[in-house]
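*Asks:* Using only what follows, build the 3D model:
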Amino acid sequence: MPRYRRLHVPAGTYFFTVTLADRSATTLTDEIDLLRSVYASVTAQHPVHCDAMVILPDQIHAVWTLPPDDADFSIRWKKIKSVFSRHCVASGYANRSRMRKGEKGIWQRRFWEHAIRDDADFVAHVNYCHFNPVKHGLVEHPEDWPYSTVHRTIRAAA
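*Replies:* Alright, predicted model coming up:
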């Protein structure tokens, strides 16, 4: 089994991209209530500070800050993906390898993470989250996308 190099920094801040296996699927927005419920239950067990997040039909982008003495972001994503898959009505493509591992084939197996280096990097990745629906042509303005923390950011600035 491959061993991926991941920078594990307790209390670190990270940017993540988590995607569906079928990039044309709309499962995440179709099942937004389930995703929100799963996220809440997982983060209740394994807290994070969500600095920014956007849910697109086929992917999630997030900036999280982990608690002191905790660098295990992988367990959080593993649980979010597995619990969501167990309760989701959608099905993906499960080849033999995925079936042997009990996977439904909804998610890409891994996720991409980036350790935030400084304030400028933080701002760039928060903005990336908030402007991603515009980039993908889903809306004209970030605040028009309902599944984003941009609304929380706007309220805090007011």
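*Asks:* and Ala62, how many neighbours does it have?
*Replies:* Neighbours of Ala62 under the rule other C-beta atoms under 10 Å: 25. (Glycine included, C-beta is placed from N, CA and C.)
*Asks:* Helix, strand or coil: sort out the closest residue to it other than its chain neighbours for me.
*Replies:* Excluding the flanking residues, the one nearest Ala62 by C-beta to C-beta, 6 or more residues apart in numbering is Met53, at 4.3 Å. Recorded secondary structure, Met53: strand (DSSP: H, G, I helix; E, B strand; the rest coil).
*Asks:* Mind pulling up the pLDDT for Met53?
*Replies:* Per-residue pLDDT puts Met53 at 98.
*Asks:* Asp70 now?
*Replies:* 92.
*Asks:* for this structure, what helix or strand is lowest in average pLDDT?
*Replies:* Least confident helix or strand, the chain: helix 96-100 with a mean of 49, by mean pLDDT, DSSP states H and E.
*Asks:* after that helix, next one along is what?
*Replies:* Following the chain from helix 96-100 toward its C-terminal end, the next helix or strand by DSSP states H and E is strand 112-115.
*Asks:* And the helices in the chain, which stretches?
*Replies:* Secondary structure of the chain (DSSP state H): helices located at 27-30, 32-45, 73-87, 96-100, 119-135, 150-157.
*Asks:* Relative to Val63, which of those helices is closest?
*Replies:* Among those, helix 119-135 comes nearest to Val63, with 5.2 Å by C-beta to C-beta.
*Asks:* If we go by neighbour counts, what in the closest one is buried?
*Replies:* By 16 or more other C-beta atoms under 10 Å, the buried positions in helix 119-135 come out as Phe122, His125, Val126, Tyr128, Cys129, His130, Phe131, Asn132, Pro133.
*Asks:* Repeat that for stretch 38-50.
*Replies:* Val38, Tyr39, Val42, Thr43, His46, Val48.
*Asks:* do stretch 72-80 as well
*Replies:* Phe73, Arg76, Trp77, Lys79, Ile80.
*Asks:* so who does the last one touch?
*Replies:* Ile80 makes contact with Val18, Val38, Tyr39, Val42, according to C-beta atoms under 8 Å, 6 or more residues apart in numbering.
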